[in-house]
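A.B. asks: Here is my input; please provide its structure:
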Amino acid sequence: MSEPSVRQRRVADLVARELSVILQQRARDPRLHAVVITGVRVSGDLRQATVFVSSVTPEDRGMLVEALVGSEPFLRRELAERVHLRYVPTLSFHLDETFDRASRIESLLDQVARDSEESGDVAQAD
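C.D. replies: Here you go, the predicted model:
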């Protein structure tokens, strides 16, 4: 997979920024107010955008993507009014689990450190 072009990155940043504003200010579905957009990737022809999302409340993540998919026509229409692009990209939403994985790795590293301290296997720095 090649690196995105400067134009792709600029459009992705614009879509992320405007979607965040739309979700906070215009969305009427209360499930969408807790959405955090963690990243956007735009296709080479700028017609498709993959939006990675997470939620501030972990218990809402299950229905988050479902709510966003149901609101895609609204979000795309609002996006079209805010951005000046030849084509407003179609939006697909994916749950971003990066923070969960990072938290899991961090807890495992903490566990290893505690186990090492308890067993006296602490590495000595020279």
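A.B. asks: for the record, mean pLDDT for stretch 22-30?
C.D. replies: Mean pLDDT, computed over stretch 22-30, is 90.
A.B. asks: And for that stretch, what's in contact with it?
C.D. replies: For stretch 22-30, contacts defined as CB atoms under 8 Å, 6 or more residues apart in numbering pick out 32-33, 35, 37, 67, 70-71, 74-75, 78-79, 82. All C-beta atoms are positioned from the backbone trio N, CA, C, and that covers glycine.
A.B. asks: Out of those residues, which end up buried?
C.D. replies: With neighbours counted using 16 or more other CB atoms under 10 Å, those contain these buried positions: 32, 35, 37, 67, 71, 75, 78-79, 82.
A.B. asks: Out of the residues you listed, which sit inside strands?
C.D. replies: Among those, the ones falling in strands (DSSP state E) are 35, 37.
A.B. asks: Make a markdown table out of the buried ones among the contacts of stretch 22-30 and add distance to Ser119.
C.D. replies: Listed next are those as a markdown table, based on distance: CB to CB, whole Å:
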| residue | distance to Ser119 |
| --- | --- |
| Leu32 | 48 |
| Val35 | 44 |
| Ile37 | 43 |
| Ala67 | 47 |
| Ser71 | 52 |
| Leu75 | 53 |
| Glu78 | 57 |
| Leu79 | 55 |
| Arg82 | 58 |
